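1. show me the folded form of this:
(chains A, B, C, D and E, ligands or ions: 4)
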Amino acid sequence: MISMNKVSKHYGSFQVLADCTTQVHKGEVIVVCGPSGSGKSTLIKCVNGLEPFQSGEIIVNGVSVGDPKTNLSKLRSTVGMVFQNFELFPHMSIIDNLGIAQVKVLGRTQDQAREKGFKLLDRVGLRAQAEKYPGQLSGGQQQRVAIARALAMDPICMLFDEPTSALDPEMVNEVLDVMTELAQEGMTMMCVTHEMGFAKRVASRVIFMDQGRIVEDDSKDAFFDHARSERAQQFLAKILHH
Amino acid sequence: MISMNKVSKHYGSFQVLADCTTQVHKGEVIVVCGPSGSGKSTLIKCVNGLEPFQSGEIIVNGVSVGDPKTNLSKLRSTVGMVFQNFELFPHMSIIDNLGIAQVKVLGRTQDQAREKGFKLLDRVGLRAQAEKYPGQLSGGQQQRVAIARALAMDPICMLFDEPTSALDPEMVNEVLDVMTELAQEGMTMMCVTHEMGFAKRVASRVIFMDQGRIVEDDSKDAFFDHARSERAQQFLAKILHH
Amino acid sequence: MHEFDWSSIPNALPFLWDGMKISLEITVTAVIFGIVWGTLLALMRLSPVKPLSWFAAGYVNLFRAIPLVMVLLWFFLIVPHLLESIFGFPRGSDMRLSSAIAGFALFEAAYYSEIIRAGIQSVPKGQMGAASALGMTYGQAMRLVVLPQAFRNMVPLLLTQGIILFQDTSLVYVSALADFFGAAYKVGDRDGRLVELLLFAGAVYFVICFTASRIVRHYQNKLKVA
Amino acid sequence: MGYNWNWGIFLQPTATGDDTYLGWMFYGFKMTIALSLSAWLIALAVGAVVGVLRTVPNKWLSGIATAYVEIFRNIPLLVQLFLWYFVMPELLPESVGNAFKQTNPIMQQFLASMVCLALFTSARVAEQVRSGINSLPPGQKNAGLAMGFTLPQTYRYVMLPMAVRLIVPPLTSEFLNIFKNSAVCSTIGLLELAAEGRQLVDYTAQPYESFIAVTLAYLLINVVVMFGMRWVEEHVRVPGYLGGK
Amino acid sequence: ELSGTLKKIKDTGVITLGHRESSIPFSYYDDKQQVIGYSQEMMLKAVDAIKADLKLAKLDIKMMPVTSANRITLVQNGSVDLECGSTTNNVERQKQVSFSNSIFIIGTRLMTKTNSGISDFPELAGKNVVTTAGTTSERLLRKMNEDKQMKMNIISAKDHGEAFLTLETGRAVAFMMDDALLYGEMAKAKRASDWVVVGTPQSFEAYGCMLRKDDPAFKKIVDTALAKAMTSGEAEKIYAKWFLQPIPPKGLNLNFPLSEAVKKLYKAPNDKAFE
Ligand SMILES: Nc1ncnc2c1ncn2[C@@H]1O[C@H](COP(=O)(O)OP(=O)(O)OP(=O)(O)O)[C@@H](O)[C@H]1O
Ligand SMILES: Nc1ncnc2c1ncn2[C@@H]1O[C@H](COP(=O)(O)OP(=O)(O)OP(=O)(O)O)[C@@H](O)[C@H]1O
Ligand SMILES: [Mg+2]
Ligand SMILES: [Mg+2]
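-> Residues are numbered from 1 along each chain as shown, chains lettered A, B, ... in the order given. Ligands and ions are numbered 1, 2, ... in the order given. This next block holds a predicted model:
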């Protein structure tokens, strides 16, 4: 489904990604973790072409992302993405947030879009908030809307960039629950997150990054039981300690 | 050391604190937790008069905070405070951050202030960064500087307002370690935090707030083992689950 | 097409330079007084004492509502007379420069006060809290913690306003003061070479203001990195 | 203070007998408003386009937009006005220049003033638009793109609607500025408010009355514009955002 | 005892004179930024008399440029003690300031291109005509337009220089102004021979020096000095210097012969306004 081959990226002389290679198969849930600044967000944004990269190759569903001839908009409409800061469109009501891209990108009618939107809001438990604006919801609610918005495009896979790190501790779980459910339904997912509980529950594999490199790319159990690199062990110790 | 008696505060018709009563004795470490917006920050800021309150009484070290005749500046200089966003002064070097209030408030000489500053930087492991500016340090380092800055005033007690919630997960522990050490040395502390690991390790008592009220005020063990109120149990379930 | 004749510019350079000195003099003095008075106004505006903040708000809104040309005319033609008849102030006879500077300074102070107010408000509220928590008084916290940061954040905007002020000095032509633009215009008028002199003046202003704004931008970028 | 106050002057017929002095002032007032409003509409349109171009990834487009802004920002309005009115027709091909110069002089003055004010202001509007777009959370653009919007669609549906709302307050002051700046247009002979005020001084030698009247007229414009823009601000306010209800 | 302006001059030892910047040949800057011109020399005659009358060993002269728009206010508010330039003495202005004995009489006429074919005012119907804002010519032109339904487009330029530029660049076919000033503008033109002054004078106007109202002592000294210059033949010499000989900046000779009206004025100096 997603295959990366020796992807490298730099800003000036600063190497953000170095020779990153990995595969994500249909139905897999990949958790990406690593210290701040290690390039996790950049890696995941390269997958749908939000960040350009200088060398290497990324193939998503048979389409090469780096190829200048690729219609990136079309590709992106098939890949759902959820951001740390939700990034709902603040000037639209919740249901319009879910509808706008369906109408303008996929060409659905307004009615189809609303129907689909309500169905997904139901699913994330926010049907009652459909006519409110993003600013009137709590962080956890906003993030659930953001997930619903991505799902409204019927994506073939989903990318998450630290979806819970901007949330109050109390709200983390309502979002993780939605994600867990998605994973269990067989959605292909790539999640940047530090929620190791979530990783332990649903991840197929864990990727650990440091300084732009993929340092570990293990099955979940292998990673938690005996991460090979020292850096990953240190990191896990710090994260899990409290 | 700190005693609150029926403290209430409201913005317009909105009740932020309602009849809050509690005591903190010398050497105690009190952890304050509760859902977002429950008034934790407000409560702790009332202690050193950063937030005015409309009724009730707070006595810190024998001085009434609400009394208009009280010299609040003087009182505050004896109470250390650490904020969620560090609030170092970005236009001063680290050592000057530690020195400025010593010189301008306590009237120490520049040399005395620097000496004290270096000693405390040593203690939080940041002596080498003395001449840098806050913007050049990581979040965890900044928060440790902020603790050192508060300690430089030789406070009789310390207040912490979510000192780790703005930090990357990796850096949380370096700050908690400093705080644990402080607690073990017998500093009187009031900490708003969601780090239940920290609470379990060092708290004497845990205060749980909800909607401006102190709902629970228990010894640590009582709180974790069998919190009485339903709201606190729910909260703990959410917080501890992952 | 127009036939250009640039020959009157070289001879006029000393006169044009005198004009430039006047433009710069007005700019520099008005910027300094404007910032000082603007800071006071901003502090008044933010102060909890209601009459002070009303006064500052009224002052700022009044000056921001009137065209600068009108303000200059008021200061040139009417204010000196009022001062004399009300307070009996003796007056030097050539009020052109001093009235222009006074007009600019008081006018710009209104704009500077808004910039500085925004600057003070852009300092996170927690900074004031942190300074107070260390035992600093309101005055100490303002002076040692908030204002230095506010000014640092605002330097680019303050300088940009200075560049605007420099451009606006061309409006002193209403009092027949020979600032740079006035000088260029007068030379052009006298020699019948207005088109050439206007083009020349435009080019000079562009070079100066563009360079200045580049310097500001450079400084701004440096600030961002720090 | 040795001055003959005469507020009745406004009701007297003018020296040329075509109107009262109040009528002159009113003509100037209308001219100021017509000039400022027409220039403002152009400035908004041009400024929005240039401001957007400044933020696009294409180096050429953003470079051109930057050059535009720098030129119009760094030359004093007064100089630009003279350049448009006196110099521009001389630089045009002779037939075009002459055609312009033969039109009704009021039209010439009005057009030159309008173009000058509009372009001068458009550079400032462009800067506001740019800063509005840049002050949006950077993730908004990514969020738009990630949903499959093209870049123009992302601007159209995601970034501009919010950016425009954010810049209503700074645009208010640009809108006020255009009225004030229009006073400069009296220097090329356009009879707007400030010019009529000065003409009144020339004809009646009553400077105080005239200045006070003109100043009050500007204050009036200011108050009306501020209330108007506040109304706009309230009506585009997004619920739950920026303290909105 | 001394009062008003004289007292101020005596006390401070300073007199502030108002002048124009480009009213050729009455009052304007030469290329060293010195004020020169016919009115300027007449004004200096008055200043000499003031100095003598006050028995001052030293009198500081401050020069202050004024414009058509601000000159009256500046005299009124005390910024300028005496202004001699090209200011027409008329009844309305007399309400705000006093005028000295007149120093010159002009007729308002037209300047046009030599080959424009325009020879008098009626031919201006339907055309663009320029004049300077705030002058009596502007009033006359507007009134003529109104009364005779001439459908002229009247352009009011900010100053004489701008008015001439409007004419020169072809925006207007004619420039109506005081004849002496029209000759002055010609002196600045790129090619003086391109331009002619034509038309029947629409009015005659007396130029006077402005001073503050209700200061008879000061006015008397100025009037006397000017009258003396005119009756003694000095004025005629000054006239010849500025109107019949080459003058700066370009060394052009205005060739503007002494008119009957001015001759009459020199014989019998007075401070009457025409109209
Ligand atoms: N536009 C840019 N210019 C220069 N450097 C950049 C830019 N964007 C990101 N970087 C750098 O690239 C590195 C990787 O960034 P990235 O956001 O991918 O890290 P991350 O692992 O997601 O970190 P975090 O956990 O803090 O989100 C960082 O060191 C960052 O400073
Ligand atoms: N200046 C203010 N005006 C009105 N309401 C306010 C103001 N400051 C705080 N509040 C409200 O008071 C309540 C308590 O705020 P406080 O910051 O003490 O909560 P908290 O428990 O610290 O929450 P958090 O965990 O989000 O920091 C909140 O509902 C907040 O919205
Ligand atoms: Mg990231
Ligand atoms: Mg809080």
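2. is ligand 2 within reach of the lengthiest helix in chain A?
-> The residue-count maximum for a helix in chain A (DSSP state H) belongs to helix A:169-184. No - applying C-beta under 6 Å from any ligand atom, one finds helix A:169-184 out of contact with ligand 2, separated by at least 8.8 Å. No exception for glycine: its C-beta is placed from N, CA and C like everyone else's.
3. can you give the contact residues for the helix or strand just after that helix?
-> For helix A:169-184, the following helix or strand on the C-terminal side (DSSP states H and E) is strand A:188-192. For strand A:188-192, the surrounding residues in contact (C-beta atoms under 8 Å, 6 or more residues apart in numbering or on different chains) are A:1-2, A:24-33, A:40-41, A:44, A:47, A:156-163, A:179, A:182-183, A:198.
4. now the buried members of those.
-> Buried by 16 or more other C-beta atoms under 10 Å in any protein chain shown: A:1-2, A:24, A:28-33, A:40-41, A:44, A:47, A:157-163, A:179, A:182-183, A:198, out of the contacts of strand A:188-192.
5. keep only those of those that are in helices.
-> A:40-41, A:44, A:47, A:179, A:182-183, A:198.
6. contacts with ligand 1 among these, please.
-> A:40-41.
7. for the residue nearest in space to the middle of chain E, grab phi and psi.
-> Centroid-nearest residue in chain E: E:Ser86, 1.3 Å away (criterion: C-alpha atoms, centre = their mean). Dihedral angles of E:Ser86 (phi, psi; degrees, to the nearest 10) stand at phi -140, psi 50.
8. list the contacts of it.
-> E:20, E:23, E:26-27, E:39, E:104, E:178, E:180-181, E:207.
9. from those, which has minimum pLDDT?
-> When the contacts of E:Ser86 are sorted by pLDDT, the bottom entry is E:Ser23 at 86.
10. distance check, it against ligand 2.
-> Note on E:Ser23: its distance to ligand 2, by C-beta to the nearest ligand atom, to the nearest Å, is 66 Å.
11. then E:Ile15?
-> For E:Ile15, the distance to ligand 2 - C-beta to the nearest ligand atom - is 65 Å.
12. got the contact list for residue 94?
-> I'll assume chain A. By C-beta under 8 Å, 6+ apart, the residues touching A:Ile94 are A:88, A:121, A:126, A:129-134, A:137, A:145.
13. not what I meant, chain E
-> If you count contacts by C-beta under 8 Å, 6+ apart, then E:Gln94 has E:Ala273 around it.
14. what do you get for the one 3 residues further on?
-> When contacts are counted by C-beta under 8 Å, 6+ apart, E:Val97 touches D:205, E:72, E:75-76, E:210-213.
15. output the below-cut-off pLDDT ranges for chain A.
-> A:241-242 (pLDDT under 70).
16. same deal with chain C?
-> Checking chain C against pLDDT under 70 turns up C:1-2, C:84, C:86-95, C:224-226.
17. tell me where the stretch 1-150 of chain E has helices.
-> E:4-12, E:38-53, E:71-76, E:91-94, E:136-148 (DSSP state H, counting those that start in this stretch).
18. and if you look at chain D?
-> With DSSP H as the criterion, chain D has helices spanning D:21-55, D:59-73, D:77-82, D:88-91, D:94-102, D:105-135, D:138-146, D:151-153, D:160-166, D:168-181, D:193-204, D:207-236.
19. which of those sits closest to A:Gln84?
-> Set against A:Gln84 and scored by C-beta to C-beta, those come closest in helix D:138-146, at 7.6 Å.
20. list the helices and strands that closest one packs on?
-> On a contact count with 3 or more C-beta pairs under 8 Å, 6 or more residues apart in numbering or on different chains; DSSP states H and E, helix D:138-146 meets helix A:72-77, strand A:79-82.
21. returning to that earlier point: so for the contacts of E:Val97, which is the shakiest by pLDDT?
-> D:Ala205 (72).
22. can you report phi and psi for that one?
-> phi 50, psi 40.
23. what's the pLDDT at the residue lying closest to it once chain neighbours are set aside?
-> With C-beta to C-beta, 6 or more residues apart in numbering or on different chains as the criterion, D:Ala205 has its nearest non-adjacent residue at 4.1 Å, and that residue is E:Gln96. Model confidence at E:Gln96, given as pLDDT, is 84.
24. next one: E:Gln96 from chain A, what distance?
-> Here the criterion is C-beta to the nearest C-beta, to the nearest Å. By it, E:Gln96 lies 59 Å from chain A.
25. ditto for D:Val214
-> 41 Å.
26. how many neighbours does that residue have?
-> Using other C-beta atoms under 10 Å in any protein chain shown, D:Val214 has 27 neighbouring residues.
27. next, count neighbours for the spatially closest residue to it that is not a sequence neighbour.
-> Of all residues not flanking D:Val214 in the chain, D:Gly197 sits nearest, at 3.7 Å (C-beta to C-beta, 6+ apart). D:Gly197 has 27 neighbours, counted by other C-beta under 10 Å.
28. quick one, what contacts D:Gly197?
-> D:Gly197 touches D:25, D:28, D:210-211, D:213-214, counting by C-beta under 8 Å, 6+ apart.
29. dump these to CSV, plus pLDDT and distance to ligand 1.
-> Formatted as CSV, the contacts of D:Gly197 follow (pLDDT from 0 to 100; distance: C-beta to the nearest ligand atom, whole Å):
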residue, pLDDT, distance to ligand 1
D:Met25, 90, 56
D:Gly28, 93, 53
D:Ser210, 88, 58
D:Phe211, 87, 54
D:Ala213, 92, 56
D:Val214, 92, 52
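30. most neighbours among those, which one?
-> Neighbour counts for the contacts of D:Gly197, by other C-beta under 10 Å, peak at D:Val214, which reaches 27 neighbours.
31. okay but that one is in contact with D:Gln199, surely?
-> No - with contact defined as C-beta atoms under 8 Å, D:Val214 does not count as touching D:Gln199 (10.8 Å).
32. can you give me the helices for chain C?
-> With DSSP H as the criterion, chain C has helices spanning C:8-46, C:50-65, C:68-73, C:79-87, C:96-122, C:125-133, C:138-140, C:147-168, C:180-191, C:194-225.
33. from B:Phe198, how far off is the residue nearest the centre of chain D?
-> Computing the C-alpha centroid of chain D and ranking residues by C-alpha atoms, centre = their mean puts D:Ile178 first, at 3.1 Å. Taking C-beta to C-beta, to the nearest Å as the measure, D:Ile178 falls 59 Å from B:Phe198.
34. ditto for D:Val201
-> 77 Å.
35. same deal with D:Leu136?
-> 37 Å.
36. same check, this time on C:Thr160
-> Taking C-beta to C-beta, one finds C:Thr160 at 48 Å from B:Phe198.
37. right, I'll call it a day here.
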